[in-house]
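Participant: please work out how this folds:
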Amino acid sequence: MSDSTTDINIEVQEASARRSSLGWFAIWIGVFALLVLMAIGLRNTQVNPVAAGEPAPDFTLTSFEGEQYSLSELKGKVVIVNFWASWCKPCEQEAADLQTAWEMYEPSGDVIFLGVDYVDTRPEAMAYLEKFNITYPNGPDLGQRIYDDFHASGVPETYFIDRDGMIAFTKIGPFTSLGEITSTIDNILEK
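Facilitator: Residues are numbered from 1 along each chain as shown. As a prediction, the model looks like this:
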């Protein structure tokens with residue numbers, strides 16, 4: 001073999017080794033990135049929803065009608081924040097009772113209900129609101145910001161916020177009766 005053939009073979013082997021090293025480096029970077037994403041996801045699933053006695057996260061909800069509701073501007077009122085979705089069957093179980101409760105408390109002006117539509121499309125959400133004749137303010141949670149701020153874990157979830165902006169009660173899952181909703185509101189109003 002000539003020196004030039006040997007030199008070419010050595011260059012080919014070195015180039016192959018560099019490509020192999022770069023390939024392994026890329027694989028390790030990919031594995032590291034995947035582990036970081038998994039750690040973030042695991043951490044997020046282990047964060048508990050905001051609980052009674054904690055300050056409610058401030059948020060602004062823009063309703064489907066374009067009106068804005070900021071929690072900080074609602075201080076002095078009892079605020080019921082209900083996370084729901086049109087595709088959520090358990091949400092349907094409580095929809096009529098939430099609307100009836102809203103109709104009972106709305107005239108006093110002391111209580112406001114805010115429906116936060118989670119991971120939905122506007123047409124399906126609007127059809128849901130119409131189907132259950134829901135008239136209290138509802139709006140989409142664009143980017144899941146409100147849902148994430150409350151560390152919610154599913155739908156339906158409802159947060160009762162007292163006049164001072166503190167979480168008074170959290171309901172995970174659907175309400176079983178109108179009485180369950182009204183007794184919770186009445187207890188908060190009496191304080």
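Participant: residue ranges with poor pLDDT in this structure?
Facilitator: For the chain, applying pLDDT under 70 flags the ranges 1-5, 7, 9, 12, 15-17, 20-47.
Participant: 90 - rerun?
Facilitator: Across the chain, residues meeting the criterion (pLDDT under 90) sit at 1-51, 191.
Participant: could you pull out the helices for the protein?
Facilitator: 3-45, 89-105, 122-131, 145-149, 178-190 (DSSP state H).
Participant: buried set for the second one?
Facilitator: Buried residues in helix 89-105, counted by 16 or more other CB atoms under 10 Å: 91-92, 94-95, 97-99, 101-102, 105. C-beta here means a position set from N, CA and C on the backbone, and glycine is covered the same way.
Participant: give me the contact list for that helix.
Facilitator: Helix 89-105 is contacted from outside by 80, 82, 84-85, 111, 113, 115, 128, 132-136, 155-156, 173-175, 177-178, 180-182, 185, using CB atoms under 8 Å, 6 or more residues apart in numbering.
Participant: okay, which residue is most central for this structure?
Facilitator: residue 147 (2.1 Å; CA atoms, centre = their mean).
Participant: hang on, isn't that residue packed against residue 154?
Facilitator: No: at 9.7 Å, residue 147 does not count as touching residue 154 under the criterion of CB atoms under 8 Å.
Participant: which among the contacts of helix 89-105 end up buried?
Facilitator: 80, 82, 84-85, 111, 113, 115, 128, 132, 134, 136, 155-156, 174-175, 178, 181, 185.
Participant: which of those fall in strands?
Facilitator: Mapping the buried ones among the contacts of helix 89-105 onto strands (DSSP state E) picks out 80, 82, 84, 111, 113, 115.
Participant: returning to what we had before: and which of the buried residues of helix 89-105 is nearest residue 142?
Facilitator: Distance to residue 142, by CB to CB, is smallest for residue 91 among those, at 18.9 Å.
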